[in-house]
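S.K.: Fold the stuff below for me.
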Amino acid sequence: MTRLFDSSLHESHDFYHAKYGRGAVIIAIRKDRNDATQQGKINSDEYVARLFNSRELGGERTAPPFDPVLSIEEESGLVKMTIRFEYRHPSYPSYRPVKATIERVIAVDQVTLEFVRDNESS
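M.R.: Model prediction:
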């Protein structure tokens, strides 16, 4: 059976995690072609993925948070991932944020892998 997470994907994409009930959506965002980090700017592909995953069309506030995936392994029908989780209180952003590293193990058949292809807004 073909693996969901091909090793070549790690070289060309950054992974983000969005939790949906018992399942998970992993969003693969193409790395910046110049390998430069654009701090303060949202990647166009990430923006499209957030809109696609929002509960209401055009409602960014209803889009799930995308937590960066630090590592991901697939073995024996399971996906084991380490996720950087951060939560800031929406009404009181000055409150101390909650930050943690989460390790999640989930059956591969409960994982959806999404790619943004042919983004015309880039």
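
S.K.: what about Arg104, distance to Ser91?
M.R.: Note on Arg104: its distance to Ser91, by CB to CB, to the nearest Å, is 28 Å. In short, each C-beta sits where N, CA and C put it, glycine included.

S.K.: neighbour count winner among these two?
M.R.: For Arg104 versus Ser91, neighbours defined as other CB atoms under 10 Å are more numerous around Arg104 (16 against 6).

S.K.: roughly how far is the host helix or strand of that one from the heart of the chain?
M.R.: For Arg104, the host element (DSSP states H and E) is strand 98-107. With CA atoms, centre = their mean, to the nearest Å as the basis, strand 98-107 stands 13 Å off its chain's centre.

S.K.: Equivalent analysis for stretch 73-93, please.
M.R.: Relative to its chain's centre, stretch 73-93 lies at 9 Å (CA atoms, centre = their mean).

S.K.: quick revisit: please identify the buried residues of the strand holding Arg104?
M.R.: For strand 98-107, a neighbour-count test (16 or more other CB atoms under 10 Å) marks 104, 106 as buried.

S.K.: One more: stretch 7-15?
M.R.: Within stretch 7-15, the residues that qualify as buried are 9, 13-15, counting by 16+ other CB under 10 Å.

S.K.: Pull the residues that contact that stretch.
M.R.: By CB atoms under 8 Å, 6 or more residues apart in numbering, the list of residues contacting stretch 7-15 from outside reads 26-31, 68-69, 72, 81, 115.
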